[in-house]
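**Student:** Requesting a structural model of the entry that follows:
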Amino acid sequence: LISSATKSLRMETEILEKKLQDAQMKLAEKDGDKEKEIQGLKRLISELEFQLTMEKNNNESFLDKLRKEIKHKSDELEKLTEERTRLIHSLSQVQEENSLLQDTVRRECAERQGLTAALGRAREQVLELRRLSGTFP
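**Tutor:** Next up, the predicted model:
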């Protein structure tokens with residue numbers, strides 16, 4: 001009975017030891033798989049961090065270019081605004097000068113009309129005097 005119980009316990013122990021070995025092997029495989037997965041994830045993280053760094057650098061470079069372009073456009077706008085102001089001032093002066101010239105031309109035209117009318121009257125008077133002096137010696 002003791003021998004049979006011992007034998008039964010040995011067999012059960014062997015079965016349990018085999019199950020333990022199988023479980024340890026499965027656990028080791030799972031640990032290996034997990035380690036591989038961890039390494040893969042670490043590589044992926046490294047790649048993503050590198051991509052993120054590259055994207056940040058590209059974005060910073062792009063932003064620097066945009067800032068420079070905005071500064072350039074702002075400078076251009078300021079120059080154009082100054083030029084526009086200068087041109088408006090020049091236009092105002094030219095318009096004022098034009099107005100003065102128009103007034104001068106109007107006065108001279110009026111004066112010329114007056115002179116032309118006076119000349120016409122003088123011619124009529126001369127002709128009248130010639131006619132009258134033709135009848136009187």
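**Student:** E111 and G120: what is the separation?
**Tutor:** In this structure, E111 and G120 are 15 Å apart, going by Cβ to Cβ, to the nearest Å. In short, each C-beta sits where N, CA and C put it, glycine included.
**Student:** quick one: N98 from T104, how far?
**Tutor:** Taking Cβ to Cβ, one finds N98 at 11 Å from T104.
**Student:** So M11 versus A5, what's the distance?
**Tutor:** Taken as Cβ to Cβ, the span from M11 to A5 is 11 Å.
**Student:** Give the intersection of the neighbour lists for those two.
**Tutor:** Common contacts of M11 and A5 (Cβ atoms under 8 Å, 6 or more residues apart in numbering): none found.
**Student:** tally of neighbours for L80?
**Tutor:** Residues lying near L80 (other Cβ atoms under 10 Å) number 10.
**Student:** Just the element for the residue nearest the centre of the chain, please.
**Tutor:** Among the residues of the chain, the one closest to the centroid is I70, at 6.1 Å (Cα atoms, centre = their mean). Secondary structure from DSSP states H and E places I70 in helix 2-135.
**Student:** That helix: how far from the chain's middle?
**Tutor:** 1 Å (Cα atoms, centre = their mean, to the nearest Å).
**Student:** which helices and strands sit right next to it?
**Tutor:** Packing partners of helix 2-135 (3 or more Cβ pairs under 8 Å, 6 or more residues apart in numbering; DSSP states H and E): none among the helices and strands.
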